[in-house]
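Novice: requesting a structural model of the entry that follows:
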Amino acid sequence: MSDTAGGKQAGRKSATRRRQVAALPWRVDAAAGLQILLVSSRETRRWVIPKGWPMKGKTDPQAAAQEAYEEAGLDGRIETKPVGDYPYLKRLKSGVARPVTVDVYSMEITGEHATWPEKGQRTLRWMSPVEAALAVQEPELRDLIARFAQVELPAEERPAPAPAPTPMRVALTRLRRRISVLWGRRRHS
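Specialist: I've put the predicted structure just below:
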């Protein structure tokens, strides 16, 4: 059984864990050393790495590289084997949370575009490996970043992950954004 674009399982509906692919964007800066790029998620604005569903006609590493371009405007050399994976709960538009496993591919960044499909929808930030590891919510992604960068995270610096937002909080956030947009249009007319 394999995943298709959109994350639907081929052949049957089941409670099995769905699968996504992600790029772990990195570069070496002469002054700052190794840096990891994180992007904000669109809904909850938490720090994540570029990820999405496998794509028909693309290998998983190619799909991960495509997500890095679409979400952050990045070009680079992506590894063909994952550096690891991590689980998380994907909150669907219906408010239901589904377990997903994300296969992560290391991507050395060779270029950054001035424009890209999701520009303006996300915040991007280059961080040191420790900053990046401590900024993500998922403990397994935190550990994966630390292992990849070969850094040790002291136990006292590992904050407990914040709970995922409830469906009501997501709905209220969407409503607040909509009201802000409408209020802004009304004030300018």
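
Novice: quick one, helices of the chain?
Specialist: Using DSSP state H, the helices found in the chain span residues 60-72, 129-135, 139-149, 167-188.

Novice: ranking those by burial, who's on top?
Specialist: Most buried of the helices of the chain, by mean neighbour count (mean count of other Cβ atoms under 10 Å): helix 60-72, with a mean of 22. C-beta coordinates here come from the backbone N, C-alpha and C atoms, glycine included.

Novice: what packs against that one?
Specialist: Where contact means 3 or more Cβ pairs under 8 Å, 6 or more residues apart in numbering; DSSP states H and E, helix 60-72 is packed against strand 18-29, strand 33-40, strand 51-52, strand 74-78, strand 97-112.

Novice: among those, which is nearest residue 183?
Specialist: Closest approach to residue 183 among the helices and strands packed on helix 60-72 is made by strand 33-40 (23.0 Å; Cβ to Cβ).

Novice: in its sheet, what does that closest one sit against?
Specialist: Here strand 33-40 has these sheet partners by DSSP bridges: strand 18-29 (antiparallel), strand 47-48 (antiparallel), strand 124-127 (antiparallel).

Novice: who are the contact partners of the nearest residue to residue 74 once chain neighbours are set aside?
Specialist: Leaving out its chain neighbours, the residue that sits closest to residue 74 by Cβ to Cβ, 6 or more residues apart in numbering is residue 68, at 4.3 Å. Residue 68 sits next to 23, 25, 50, 74, 76, 78, 107 when contact means Cβ atoms under 8 Å, 6 or more residues apart in numbering.

Novice: among those residues, which one sits closest to residue 169?
Specialist: residue 50 (24.0 Å).

Novice: what about the closest one, how many neighbours?
Specialist: By the criterion of other Cβ atoms under 10 Å, residue 50 has 27 neighbours.

Novice: from residue 44, how far out is residue 127?
Specialist: 18 Å (Cβ to Cβ, to the nearest Å).

Novice: can you list the weak-confidence ranges in the chain?
Specialist: The chain contains residues with pLDDT under 70 at 1-16, 155-165, 184-189.

Novice: and residue 136, how far from residue 100?
Specialist: Residue 136 is 15 Å from residue 100, by Cβ to Cβ.
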